[in-house]
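Trainee: task: produce atomic coordinates for the following.
(chains A, B and C)
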Amino acid sequence: MFHPLVPSVAPLLAAVTEAEPLPAGAADILNLVPLILALPLAGFVFTAFFGRRIGRFAFLVPLLLVVASWALAMVVVVAALTGGLGEHGAGITLWTWIPAGAFHVEVGLYVDQLTACLLIVVTTIGMLVHLYSVGYMAHDPGRWRFFAYLNLFMFSMLLLVLGDSWLTVFAAWELVGLSSYLLIGFWYPRRSAALAAKKAFIVNRVGDVGFALGIMLIWVSTGTLDIRASFTAIAGLDTTTVAAIALLVFCGAVGKSAQFPLHVWLPDAMEGPTPVSALIHAATMVNAGVYLVARANPIFSLVPGVMVVVAAIGIFTAILAASIAFTQTDIKRVLAYSTLSQLGYMFAALGVGAYAAAIFHLMAHGFFKGLLFLGSGSVIHAVHEEQDMNNMGGLWRKIPVTHWTMFVGTLAIAGIPPLAGFFSKDEILGESFTFGFYWVWAIGVVVAVMTAFYMWRLMGKTFYGQPSEHARGLWDRIHESTWTMTLPLVLLAIPSIGLGAALGLPFGSSTLSHWLEPVFGASETLLHPDREPFALFGIDGVLILVSVTAAAVGLVAALALFGAFGRSGARARVAAITASSGLTRFLYRGSLNKWWFDDLNHLLFIVVGGRVAAGIWWFDRVIVDGTVNGVGRLTIDAGRGLRRIQTGRVQNYALGIAIGLLVMAGSYLLIAAR
Amino acid sequence: MTGQATMATMVTDVLPEIVLVAGGVLVLLYALLAPRRLQGGAAVVAMLVAVAALTVALAMLPGTELVTFFGTYARDRTALWAKIIVLAATVAVIGLSAPWFRRDPRHGEYYTLLLFSSLGAILLAGATDLKELVVAMLLSSATGFVLSAYHRRSSQAAEAAIKYYLIGALANSAMLFGVALLFGLAGSTTLGGLAAGLPSDGGLALVIGVGLVVVGLAFKIGAVPAHAWVPDVAQGAPAPVAAFVTTVPKVGGFIFLARFVIALPPDAAGWQPLVAVLAAATMTLGNLACLWQDDLRRLLGWSAVSQTGYGLMAVVALGSSDLAVPALLFFLLAYVLGNLAAFGVVVELRGRTALADVAGIGERRPALTAALAISFLSFIGVPPLNGFVAKLLLFLVAIQVGYAWLAVAAAVNTVVSIFYYVRVLAPAYFGRPAGTVAVLGRPAASATFAAAAAVVVTGVAAEPFVAAFAAAGLVIR
Amino acid sequence: MSQSLDAYLVLSGILFAIGTFGFLARRNAISMLMSIELMLNGVNLAIVAFGAFLPALNVDASVIALLVMAVAAAEATVGLAIVMAIYRNRRTPLVDEYDAMRQ
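Mentor: All right, here's what the predicted structure looks like:
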């Protein structure tokens, strides 16, 4: 039953998929695309087989291949963004995967402007993290395995952004999950690492089931699994089906991007080596959910109700995670909750229909959060694998490169102009307001204050004030990391400073929104047909001012409490606040205990779930087995007078067959009689 | 069958079978004549025989599809693909067996039994006559019982064998009674004769006859209600034999079941819900039993039961969907390869089977652990492995013929299955290794890696296989 | 001698049922093998009866009856061998004591 939702939509969306002649030279560029994927895959296979034998220098091949992959990707990116691949991008079909009548799946790659933006983030940060890992993992005997997994991850992530059919994307979706599982549990002798890996895998599968059902629904209702073709077909479906598809796809995004209520796996995933946290759990894989929703924007735009759900879950996760980050003392966990919070911003942006702003924040966040994670790894290295910030302090003179690059990252994430985070965050807040989502804007501003506060708290506790006892104990042995670790920090600091201005100016019609216009234009016009032009000296200017003020308020508050450089600030007051009673204490304890979500999950899934599973087991053992035993006993008792004989197991099996046959014959007769 | 068929053309229709019979006898002679230290040579001879039969079967693929030997034996591409899967599996099992039985002083005959057992499965896949079914079942079962008991001094193997035997004998007798009833009702034993002669309202006799034959086949494929032997044999029998009997006979059993159900009178359509219920029961029971298994081989046995349940979804769709036959064949391919890889790992680990024994093998034996992971992930249905393509096709056909509830039940079961597979993989990768991990040797490792690689290749490049299977007919007359 | 096919079929069914019951009720592996033989005889009786009463089935019935005998003989041989093997190991023919492996 087809009744188009908005008749005027169909031609608008159809324009996205219409074939157009490719510009000259596009075919050559397209031929490079499979190579971007093939190089990391080759690196994985090679290292998996020969890595152990190569030993110390096992990083060479993976590193070189990833650098080569980056170079190729840049060529493709430049072509895609300058119109070298046509206005709506271009694709290349590799082979037919499953031909089964109407069910026909081809493995193909497709590059458009959105893909190009993701390629920049994935390949650049991927390359720098590989370089960083050379130093970070230098003393680990299993590092060949580490590099093999990293290359596998690169392949999977690139396939995810390049895939042109839902099934290919799903395959890549599973593969990134798998490599993430392997990397979180890399230090498996630590029991917590193995548990965290398992938790991540299983929580992610919950979301994946939703995504898989969504893909099935897409196929059942449109008859195609090609992403672009499905967009055209979906425009003709009834609203309920579209809403169901959008919600199911969003389920997958919630799992992978760790949004409430599936956010619990990400903080635990920090058990993995720090480069993994930077690459997978901050800069790339966790963004897959954002990418998925952005990619599916023609579907989501048809159902504004679902978009509100997306915005609500996003902004709720943002404030929830920010409030938890307030009190954590593990440096990586603070960053993990901060990642959750920033991902929440991105989903909020997607939900209000500011797709380009979400992708802008994705890119900016990828760089500065990657920087912050790698910096935290350098700090952890310096203080001899200590992650508790209470055992740091005063480190800014000892590890200056790490300190100054993290300083840049902190200002960037806090939203201080003219750094990257200011432009992207401001665009999200500004558009939420102009599109009429005042509640998203209001909560967003509060989160901005909180972000600035907890990030400066991290800086203060780590780098400023008096060194802690632990730090003083090894003061003379603390030194800056090697160049392979500091170089990526410096290289990541550059986009953290400049990317925002480069992509976000001029206000209102930024470079990035021009790039992404062919991907998001139709949806944004559909959602917000009468959009006011940008007014720097009107409402938009006021909004910018509010954003900057929010960041400044948070920073100044944290500065007062935690100090800067040589000054310790009023840390005694912090202790006083946390020790006070009443509401403050409740809030403090709530934040410290992550609002008891892990306990809730434990109760729900381990205690209650365990009971249910045990119940099923009990049913199987007692009722099913008992019935079999009982019937068997009856038969034999009847056969041998009243002598009580125990049945043997084989007889139980045989009796099962007999009962099965009777049930079969009975039901067969019943059905046949109908 | 064409009227002009002469004995000579009919003989060429069964060339792979003839190669197997002659080869089996050859291996037996070799085993009798060769001295003890050369008994291992029987493996080489058997391998050559199986490869020769495999080559012949492959060469026969382009031929026309027909029923030969006066309506009793099908020479269609479904049967040929079944032969190819069976023979490839046999080659792999011979590779697994060679190092396993090296110390057994007289193991030459073992390979004869292996070849005859795969012949039984092949005959089952081609049979279009109930007499043929009786003979094929006997050949495949009797050899299976003996193979399971091949470790004469192992009390566990003997126990597995006697359970396998007793259940098998009961199921076979039941099936024979069913055959007698159907023969009396239809007045013929060929499937074509059944299709023409079975009354659509045969009453109780028809119901019981069909039910009894289905029970016999359920034993062969390890489905409810005659599934109980599978975990015992998987755990107790010699590991290469466990790999064999949980895969090869199943191929034959499935294909005969497929032929049998399309021969049943269409207006007595009761068999479809019947098989659907059996499918749901089989997958659910197998899965539930897996959840708390601490023995890897027993886990594999129960997981084989649950996989059978998924495969039965294709049987439900037979006759109603063009995709049913390719889905069934692809499922068999995926299942056989995955199971061979998993049991191959057990063999290569010298049969160590407690969950604690696999802890930390990821560190010591990365390639072997990868084979186990590939096989398990394929069983779960993680793309792009072949198990994913198989599941996808099975779900599709179930939905196509209006059995959406079955597809949903299968999806739920798939989600449940993640837990017990991860329960093995997590310690394998993240557990502490306990000392060194001794392995068996090169032939076993090669067979295991070949099976695991095939799981990946047939998953990523599923297209030629699905296309070839789609061109396979299932003829009964 | 009865002239009704039904009488023979009922007898065959009774034989089969007695065999099944024996299989389920007996603990001794040898007794279970004998029960199987009884079931197969029931099968054969039915087949031979079909052949005798329905002339069209005469030839087929004889062939199937021979096949069933072959099945019976082969299965009994294998079965006895396996029972011997396990008896050597466990020193008992009682199958309910073969329960080292369970769910």
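
Trainee: then stretch C:47-65 to PDB, C-alphas only?
Mentor: Provided in PDB are the C-alpha atoms of stretch C:47-65 (Å, rounded to 0.1, in the frame of the first residue of the first chain):
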ATOM      1  CA  ILE C  47       5.900 -56.400   3.500                       C
ATOM      2  CA  VAL C  48       5.500 -60.000   2.700                       C
ATOM      3  CA  ALA C  49       1.700 -59.700   3.400                       C
ATOM      4  CA  PHE C  50       1.500 -56.900   1.000                       C
ATOM      5  CA  GLY C  51       3.300 -59.000  -1.600                       C
ATOM      6  CA  ALA C  52       1.000 -62.000  -1.000                       C
ATOM      7  CA  PHE C  53      -2.300 -60.100  -1.100                       C
ATOM      8  CA  LEU C  54      -1.500 -57.600  -3.900                       C
ATOM      9  CA  PRO C  55      -0.200 -59.400  -6.900                       C
ATOM     10  CA  ALA C  56       1.200 -56.200  -8.400                       C
ATOM     11  CA  LEU C  57       3.500 -55.800  -5.500                       C
ATOM     12  CA  ASN C  58       4.800 -59.400  -5.500                       C
ATOM     13  CA  VAL C  59       8.200 -58.900  -6.900                       C
ATOM     14  CA  ASP C  60       9.000 -55.600  -5.100                       C
ATOM     15  CA  ALA C  61       7.900 -57.100  -1.800                       C
ATOM     16  CA  SER C  62      10.200 -60.000  -2.100                       C
ATOM     17  CA  VAL C  63      13.100 -57.700  -2.800                       C
ATOM     18  CA  ILE C  64      12.300 -55.400   0.100                       C
ATOM     19  CA  ALA C  65      12.000 -58.300   2.400                       C
END
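
Trainee: residues touching that stretch, excluding its own?
Mentor: With contact meaning CB atoms under 8 Å, 6 or more residues apart in numbering or on different chains, stretch C:47-65 is reached by B:130-131, B:134, B:179-180, B:183-184, B:187-189, C:5, C:8-9, C:12, C:44, C:68. From N, CA and C alone the C-beta is placed, and that goes for glycine too.

Trainee: repeat for stretch B:142-159
Mentor: For stretch B:142-159, the surrounding residues in contact (CB under 8 Å, 6+ apart) are B:101, B:104, B:107, B:110, B:113-114, B:116-117, B:120, B:160-162, B:164-165, B:168, B:232-233, B:235-238, B:241, B:244-245, B:249, C:74-75, C:78-79, C:81-82, C:85-86, C:89-90, C:98, C:100-101.

Trainee: so which bits of it are buried?
Mentor: Buried residues in stretch B:142-159, counted by 16 or more other CB atoms under 10 Å in any protein chain shown: B:142-151, B:154-159.

Trainee: which one of these is nearest residue A:211?
Mentor: residue B:144 (42.2 Å; CB to CB).

Trainee: which residues of the stretch 51-200 of chain B lie near chain A?
Mentor: Within the stretch 51-200 of chain B, the positions adjacent to chain A are B:162-163, B:166-167, B:170-171, B:174 by CB under 8 Å from any CB of the partner chain.

Trainee: for ChimeraX, what selects the buried ones among those?
Mentor: Per 16+ other CB under 10 Å, the buried members of those correspond to this ChimeraX selection:
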select /B:162,163,166,167,170,171,174
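
Trainee: dump the residues of the stretch 51-200 of chain B next to chain A into JSON lines; add secondary structure as well.
Mentor: Supplementary listing: these in JSON lines, determined by DSSP: H, G, I helix; E, B strand; the rest coil:
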{"residue": "B:162", "secondary structure": "helix"}
{"residue": "B:163", "secondary structure": "helix"}
{"residue": "B:166", "secondary structure": "helix"}
{"residue": "B:167", "secondary structure": "helix"}
{"residue": "B:170", "secondary structure": "helix"}
{"residue": "B:171", "secondary structure": "helix"}
{"residue": "B:174", "secondary structure": "helix"}
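
Trainee: quick check: the farthest pair among the residues of the stretch 51-200 of chain B next to chain A?
Mentor: Largest separation among these by CB to CB: B:162 and B:174, giving 18.5 Å.

Trainee: and the pLDDT for the residue in the stretch 351-500 of chain A positioned nearest to chain B?
Mentor: The nearest approach of the stretch 351-500 of chain A to chain B comes at residue A:385, 19.5 Å away (CB to the nearest CB). We have a pLDDT of 76 for residue A:385.

Trainee: run a quick neighbour tally on it.
Mentor: Neighbours of residue A:385 under the rule other CB atoms under 10 Å in any protein chain shown: 7.

Trainee: let's verify it: helix, strand, or coil?
Mentor: Applying three-state DSSP: residue A:385 is coil.

Trainee: residue A:539 contacts residue A:434, doesn't it?
Mentor: Yes. With contact defined as CB atoms under 8 Å, residue A:539 counts as touching residue A:434 (7.3 Å).

Trainee: neighbour count: the two, which is higher?
Mentor: Here residue A:539 and residue A:434 are compared on neighbour count by other CB under 10 Å; more neighbours surround residue A:434, at 19 against 14.

Trainee: related to what we said a few turns ago, among the contacts of stretch B:142-159, which ones are in strands?
Mentor: The strands, defined by DSSP state E, take in nothing from these.

Trainee: can you select the buried ones from the residues you listed in PyMOL?
Mentor: In PyMOL, a selection of the buried entries from the contacts of stretch B:142-159 looks like this (16+ other CB under 10 Å):
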select buried, (chain B and resi 101+104+107+110+113+114+116+117+120+160+161+162+164+165+168+232+233+235+236+237+238+241+244+245+249) or (chain C and resi 75+78+79+82+85+86+89+90+98+101)
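
Trainee: what about the contacts of stretch B:142-159, which are in helices?
Mentor: Judged by DSSP state H, helices contain the following of the contacts of stretch B:142-159: B:110, B:113-114, B:116-117, B:120, B:160-162, B:164-165, B:168, B:232-233, B:235-236, B:241, B:244-245, B:249, C:74-75, C:78-79, C:81-82, C:85-86, C:89-90.

Trainee: so what does the closest residue to residue A:333 other than its chain neighbours look like in phi/psi?
Mentor: Closest residue to residue A:333 apart from its sequence neighbours, by CB to CB, 6 or more residues apart in numbering or on different chains: residue A:267 at 5.5 Å. Here is the backbone geometry of residue A:267 (degrees, to the nearest 10): phi -60, psi -40.

Trainee: how many neighbours does residue A:267 have?
Mentor: Neighbourhood size, residue A:267 [other CB under 10 Å]: 27.

Trainee: hmm, it is touching residue A:338, no?
Mentor: No. Between residue A:267 and residue A:338 there is no contact under CB under 8 Å: 10.6 Å.

Trainee: just the strands in chain A please.
Mentor: Listed in chain order, the strands of chain A (DSSP E) span A:90-100, A:103-111.

Trainee: what lies in contact with the last one?
Mentor: Which is strand A:103-111. Where contact means CB under 8 Å, 6+ apart, the residues beyond strand A:103-111 that reach it are A:30, A:33-34, A:37, A:76, A:80, A:85, A:89-99, A:119, A:162-165, A:167-168, A:219, A:225-228, B:323, B:396.

Trainee: if we can go back for a sec, got phi/psi on the residue of the stretch 351-500 of chain A closest to chain B?
Mentor: Per-residue torsions, residue A:385: phi 60, psi 30 (degrees, to the nearest 10).
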